[in-house]
Structure formats: C-alpha cells, structure tokens
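*Asks:* just need the structure, nothing else, for what follows:
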Amino acid sequence: MNSNSVGLTTRLSRTCLALVLSVCVGAVTAQIVPSAGVEAAQSDAPARAVSAAPDAVTETAPVQAPETAPSPLPPGRPAPVIRYATVVWFDAGSAELRPATIDTLQRVALKSRELDPEVVMAIGHTDASGVNPGLQLLSIRRAEAVKDYLARKGVERNRIFTEGKNKTLPVADNATKAGRAANNRVEIELVGMRADSAPAGS
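*Replies:* Next up is the predicted model:
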C-alpha cells in the first residue's frame, strides 16, 4: 500500500471517529438538558410567585413555631390597664405605716373613688437583710397593712389584691443603705375599671 492510500485511510478513520463522538454527545445532551430545564423551572417557581404577589416578601425568613395566642377578652370588655400607680416605703424590718405612707394612701383612696378600678393591687417587697421565710412574711404583712388602711378609707376589701415578693424584685442595690431603703416598699396599682363604670374624665 502506498503512502497516499495510508493517508486517505487515516483521514477516513478520524472522520468516522468524530461522527461517532458527535452522535454520542448529542444523545447524552438530549437526556441532560430537559432535566436541567425542569430543575430551573422548579427553582424559579417561588421567585415567580413572589414577583406576582405585590406585597410578597423578597427574603425568606426561617419558619418559627407559632406562639400561643392569649385568650380573647369577653366581647365588649376593655383590656385591663393600670389607671394609677404609686409606691409607699417602710422602715427596715417593719410593717408599720409611716406618716408619709399614710398621706400617700389617702391619695390612693381618693383616686380609687375617682377611677373606680376593678382591682387594687398591693405588692409587698423587702430588702435582702434576713432569711427568706421571715422576709416573705414581712412582705405580706406590709401589703396587708396597706390593704387594711385602704379598706378603712372606703375601698372595697374584696377588690384589694395583696401579694408578698420578699427580696426577689429589688429596685436598688441592697449593698447600700439607700438601696435597702428603696427596696422596703409596697407597690400599689389601680387596674382596669368596674364593668358598670365609665372611664375617668367621661
């Protein structure tokens, strides 16, 4: 076989090989492209849905468990609000009413008649000087002293709620004398209003 025949045969072999490769590549591409198109369409679906909705958010936030919704109030009943709040102070270790405390409680009694609250809350507190059982009892005695005085001034006793918190909710540093004095207190709140009364000022 001469050199011309050998060259022709080599070129024909290369051409056949190229044709075979192109056919194989085309078949594989035909299988891959539709699959890629479906994935692209699926991945674009949320984006198209977002763009179609005028108020849709553009960023996806992580899904969180819904919080328990509060129980709805009875129809026509207003939400409870603090109508008036004040604080009275006590001497260390004592549940006796100071003169200044009595002046404040007189104003509370007047406000109670004016606002006609649904509940009067008296929450007793102490400083940290002492052990928990004794401090708990002291905080209750302080709240009850406020309740007794307000009841004598005409506030309905069954509308006065008392509770003792002992030293658990300080408002100042118990390491200082001034801080301890601030913590020996009763917090008073007039909450909401009676169902048969109108709001103050109406």
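
*Asks:* where are the low-confidence patches of the protein?
*Replies:* 1-78, 193-202 (pLDDT under 70).

*Asks:* would residue 187 count as being in a strand?
*Replies:* Yes. With DSSP: H, G, I helix; E, B strand; the rest coil as the criterion, residue 187 is assigned to a strand.

*Asks:* and the residue nearest to it when sequence neighbours are not counted, what element?
*Replies:* Excluding its sequence neighbours, the residue lying closest to residue 187 (CB to CB, 6 or more residues apart in numbering) is residue 123, at 4.8 Å. For glycine as for every other residue, the C-beta is placed from the backbone atoms N, C-alpha and C. Using DSSP states H and E, residue 123 maps to strand 119-124.

*Asks:* which helices and strands sit right next to that strand?
*Replies:* With contacts defined as 3 or more CB pairs under 8 Å, 6 or more residues apart in numbering; DSSP states H and E, strand 119-124 has these neighbours: helix 132-152, strand 160-164, strand 185-191.

*Asks:* relative to strand 119-124, how tilted is the second one?
*Replies:* Following axes from the mean of the first three to the mean of the last three CA atoms, to 10 degrees, one obtains 20 degrees for the angle between strand 160-164 and strand 119-124.

*Asks:* neighbours of the spatially closest residue to residue 163 that is not a sequence neighbour, just the number please.
*Replies:* Closest residue to residue 163 apart from its sequence neighbours, by CB to CB, 6+ apart: residue 123 at 5.2 Å. Neighbours of residue 123 under the rule other CB atoms under 10 Å: 20.

*Asks:* ok, residue 168 next?
*Replies:* 13.

*Asks:* which SS state does it fall under?
*Replies:* coil.

*Asks:* what sits up against the helix or strand containing residue 180?
*Replies:* Here residue 180, judged by DSSP H and E, is contained in helix 177-183. Here helix 177-183 makes contact (CB atoms under 8 Å, 6 or more residues apart in numbering) with 89, 92, 125-129, 167, 170-174.

*Asks:* residue 83 against residue 121, yeah?
*Replies:* No. Residue 83 is beyond contact range of residue 121, at 11.2 Å (criterion: CB atoms under 8 Å).
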